[in-house]
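*Asks:* Any chance you can model this:
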Amino acid sequence: MFKRACLQLHWLIGISAGLVLAVIGLTGGMYSFSNEFIKLLDPQITSVNLPADSTRALTPAVLLARVSERAPYVSSLTLSAKPDEAARVGFMKPVPGSDKKKFDLQYLNPYTGELLGKPASEDFFRQVLDLHRKLGLDETGKAITGAATLALLLLILSGLYLRWPKTTALNWRSWLYINRQLSGRDFLSNLHAVLGTCAILAYLLFALTSLSWSYDWYRKGLNTLAGKDTTQTVKPAAKTSKTASASMPSQTDLDAVWNNFKAEVPHYRKLILLLPSGAGKSAATVQILYLDTQAPHPYANSRMVFDAASGVLQSHERYADKSLGAKLMASLYALHSGSFFGTPGMLIMMLAALLLPVFALTGWIMYLHRRRKKSPYAQPAKG
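*Replies:* Modelled structure (predicted):
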């Protein structure tokens, strides 16, 4: 009786949330290697020709001063240790007729300070990401995707229960073998179950990480379990930069900041420099989020805070020194995308995401087949 109820719950959730999960999976799979595709499709913007002396890249102070002469509202600067990779400069531009501001990123030549613009492919992938997170519907879409993620968890648990063998001996063939001798609905059912079993760990990672962006209560619960003080949570780079001032404050000594940073961190892979959010205030600071050469994944950022006026280092929060719980919270996106496990992990998560439309399709076909068999107008089988 319970197993039958579990089956009813599984297909009911599947046919109601399946379409949303299919969109989330398809867009998530498409976005998986977006950075690599953008560099491949628009190399003239994302990369630069190396000058004769490629070690003489301009300092952040000179770069941002040159940018500010042509384009105001500078808020951040992203630099890579790769000599042929373009820098990125962030702008916090006011929206006409509103008190709101819009964050914008453009590529920048780190040797000349020339603005290179934005790749056309980047706008496409930004729309893909918006569909993935909010279905293109802002807060309403965010609520729908959050509910669909909870539905995915129920599908995982009910599917696992339905697949669990009646005997105590676990046979791998009963879990992972696709029987090609089956046909019709029986083959689809076998395929649906085996593929779901293969992807179950990936879907658990998808669901357990993405819920932190959908629900505040879930994120606060994770922070509590991780032993993290939510009153001192470091904001993500993009959100912090959105509160930055419209132009670089004149009292900010970026040369001193940069010299002190280099003295502390001579080698890095990537960094994001965030200009003060309180221009004109004595407490104004410059933040640098950086990825050191030993970082285990692309989001294992360390954080340094400098006094804007003097460039004196105020605090240095290294990723390696964080507690296990704090490292876990800082790695949520890396786990979600698979980058925590390197390129193989990203490939596995991409394939798992692209399988979600397959589950939605096979689930609907099996459901419609069952409805036809139960219909009083169904034609009896011949023979």
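*Asks:* What is the neighbour count of the residue nearest to G184 when sequence neighbours are not counted?
*Replies:* In space, and not counting its chain neighbours, G184 is closest to H369: 7.8 Å by Cβ to Cβ, 6 or more residues apart in numbering. For the C-beta atoms, the positions are set from N, CA and C on the backbone; glycine is no exception. Neighbours of H369 under the rule other Cβ atoms under 10 Å: 14.
*Asks:* pLDDT wise, what is H369 at?
*Replies:* H369 is assigned a pLDDT of 84 by the prediction.
*Asks:* On the three-state scheme, it is what?
*Replies:* helix (DSSP: H, G, I helix; E, B strand; the rest coil).
*Asks:* Starting from H10, give me the distance back to it.
*Replies:* 16 Å (Cβ to Cβ, to the nearest Å).
*Asks:* try M349
*Replies:* 23 Å.
*Asks:* domains for the chain, by residue range?
*Replies:* Listed domain ranges for the chain are 2-34+127-228+340-374, 57-116+231-322 (source: automatic domain parsing).
*Asks:* tell me how far stretch 206-225 is from the chain's mean position?
*Replies:* 14 Å (Cα atoms, centre = their mean, to the nearest Å).
*Asks:* how far does it stretch from start to finish?
*Replies:* One end of stretch 206-225 to the other measures 19 Å (Cα to Cα, to the nearest Å).
*Asks:* And the contacts of that stretch?
*Replies:* When contacts are defined by Cβ atoms under 8 Å, 6 or more residues apart in numbering, stretch 206-225 is touched by residues 28, 133, 142-143, 145-146, 149-150, 152-153, 156, 230, 233, 325, 329, 332-333, 335-336, 349, 352-353.
*Asks:* how about it: buried residues?
*Replies:* Neighbour counts over stretch 206-225 (16 or more other Cβ atoms under 10 Å) mark 206-215, 218-219, 222-223 as buried.
*Asks:* now do stretch 45-63
*Replies:* By 16+ other Cβ under 10 Å, the buried positions in stretch 45-63 come out as 45-48, 57-58, 60-61, 63.
*Asks:* Could you save these as JSON lines and add columns showing secondary structure, pLDDT and distance to L79?
*Replies:* What follows is the buried residues of stretch 45-63, written out as JSON lines (DSSP: H, G, I helix; E, B strand; the rest coil; pLDDT from 0 to 100; distance: Cβ to Cβ, whole Å):
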{"residue": "I45", "secondary structure": "helix", "pLDDT": "96", "distance to L79": "16"}
{"residue": "T46", "secondary structure": "helix", "pLDDT": "96", "distance to L79": "14"}
{"residue": "S47", "secondary structure": "strand", "pLDDT": "95", "distance to L79": "14"}
{"residue": "V48", "secondary structure": "coil", "pLDDT": "94", "distance to L79": "12"}
{"residue": "A57", "secondary structure": "coil", "pLDDT": "86", "distance to L79": "8"}
{"residue": "L58", "secondary structure": "coil", "pLDDT": "93", "distance to L79": "10"}
{"residue": "P60", "secondary structure": "helix", "pLDDT": "95", "distance to L79": "7"}
{"residue": "A61", "secondary structure": "helix", "pLDDT": "95", "distance to L79": "13"}
{"residue": "L63", "secondary structure": "helix", "pLDDT": "94", "distance to L79": "9"}
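*Asks:* can you redo those residues as JSON lines with distance to P276?
*Replies:* Supplementary listing: these in JSON lines, determined by distance: Cβ to Cβ, whole Å:
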{"residue": "I45", "distance to P276": "29"}
{"residue": "T46", "distance to P276": "28"}
{"residue": "S47", "distance to P276": "30"}
{"residue": "V48", "distance to P276": "28"}
{"residue": "A57", "distance to P276": "23"}
{"residue": "L58", "distance to P276": "21"}
{"residue": "P60", "distance to P276": "14"}
{"residue": "A61", "distance to P276": "14"}
{"residue": "L63", "distance to P276": "17"}
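*Asks:* Which of those residues sits closest to S76?
*Replies:* Proximity of the buried residues of stretch 45-63 to S76 (Cβ to Cβ) peaks at P60, which lies at 10.3 Å.
*Asks:* Roughly how far does the nearest residue to L176 once chain neighbours are set aside sit from M366?
*Replies:* Distance criterion Cβ to Cβ, 6+ apart; nearest residue to L176, sequence neighbours excluded, is V194 at 5.9 Å. Going from V194 to M366 by Cβ to Cβ gives 14 Å.
*Asks:* Helix or strand with the lowest mean pLDDT in the protein?
*Replies:* Least confident helix or strand, the chain: helix 237-241 with a mean of 38, by mean pLDDT, DSSP states H and E.
*Asks:* Give the next helix or strand downstream of it.
*Replies:* Moving toward the C-terminus from helix 237-241, the next helix or strand (DSSP states H and E) is helix 254-264.
*Asks:* what about the strands in the stretch 51-200 of the chain?
*Replies:* Along the stretch 51-200 of the chain, counting by DSSP state E, counting those that start in this stretch, strands occupy 74-80, 87-94, 101-108, 115-117.
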